[in-house]
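In: Can you look at this prediction? I've put the sequence above it.
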Amino acid sequence: MNSRLLIDGELVEATGGRTFENVNPATEEVIGTAPDASRADADAAVRAARRAFDTTSWATDHAFRRNA
């Protein structure tokens, strides 16, 4: 399992470098790890999403979003 964040089209490590275990609730088995995103990571992701919304056809090109 990948333990990086997808922000602005790039896979990046969480700024703090922390991860947490992803646990199957039915078996309590650890099935992988996930990045523990910080507030800075969330802010970067929101800025990237806003930029994509404002400067690309993402918001209006339904065929593109369907195939993305």
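Out: Received it, and whenever you're ready, just let me know what you need. Just so we're clear, the structure is a prediction, and the values are computed from it rather than from any experiment.
In: Helices along the protein, start to end?
Out: For the chain, the helices defined by DSSP state H cover 39-55, 62-67.
In: how about low-confidence regions in this protein?
Out: 1-2, 68 (pLDDT under 70).
In: tell me, how many neighbours does Thr55 end up with?
Out: 8 (other CB atoms under 10 Å). (C-beta placed from N, C-alpha, C; glycine too.)
In: What is the neighbour count of the residue lying closest to Asp8 once chain neighbours are set aside?
Out: For Asp8, ignoring the flanking residues on the chain, the nearest one in space by CB to CB, 6 or more residues apart in numbering is Ala48 at 3.7 Å. Neighbour count for Ala48, taken as other CB under 10 Å: 15.
In: what separates Ala48 from Ala37, distance-wise?
Out: 13 Å (CB to CB, to the nearest Å).
In: tell me the contacts of the residue nearest to Asp8?
Out: Ile7, Asp8, Gly9 (CB atoms under 8 Å, 6 or more residues apart in numbering).
In: Check Val30 too.
Out: Glu21, Asn22, Val23, Asn24.
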